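> curious how this folds, go ahead:
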Amino acid sequence: MTTQTLPTAAGWRPRLNTLLSRAVPDDLIALASRFGVGSIFFLSGRTKVDGGLNVSDTALLLFEQDYALPLISPVWAAHLATYAEHLLPLMLFLGLGTRLGALGLLGMTAVIQVFVYPSAWPTHLSWAAPLLYLLAHGGGRWSVDHLLFKR
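Sure, this is the predicted structure:
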């Protein structure tokens, strides 16, 4: 009777890592990150407008009463946030200027965390994680960035 030994960690871990990296390529992670976090901000931006891109009275009221940001007037803050919540996610969706778009949304996330909803850190962390991935790795091969600047 022959005795078989169980595979060592050194034997099965590299194979598992290879299998997982083929099943979930980095480009798929980048695409999911771009659309996942981009959708959150884009839909938030849509709630701040009346039809087109006119900032709604409700959004202005929120920035005046609830969001009270320091160093910037509520009118400016409402307009800047609304336009950023439309433009930056579109950059992510296309993968055009992905790192810049991710950096902008990460900055917005930090402002929201510090000044607006400080107790909502679990939500903000779930936004920051994919944004940090995009900032570090870019939009992946399925992006306009890749088409324009093939490396």
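
> can I assume L106 is in contact with L131?
Yes - with the criterion set as CB atoms under 8 Å, L106 and L131 qualify as a contacting pair; they are 4.5 Å apart. From N, CA and C alone the C-beta is placed, and that goes for glycine too.

> all helices of this protein, in order?
Using DSSP state H, the helices of the chain run over 9-23, 26-46, 57-65, 74-94, 98-111, 121-137, 144-148.

> would you turn these into TSV with mean neighbour count and mean pLDDT?
Below are these laid out as TSV (neighbours: other CB atoms under 10 Å; pLDDT from 0 to 100):
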stretch	mean neighbour count	mean pLDDT
helix 9-23	9	72
helix 26-46	18	97
helix 57-65	16	96
helix 74-94	19	97
helix 98-111	20	98
helix 121-137	16	98
helix 144-148	15	96
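
> tell me who's in contact with the nearest residue to L100 once chain neighbours are set aside.
With sequence-adjacent residues excluded and distances taken as CB to CB, 6 or more residues apart in numbering, L100 is closest to M91, at 6.9 Å. Residues near M91 by CB atoms under 8 Å, 6 or more residues apart in numbering: 97-98, 100-101.

> and the two most separated of those residues?
Longest distance between any two of the contacts of M91 is 7.3 Å, between T98 and L100; criterion CB to CB.
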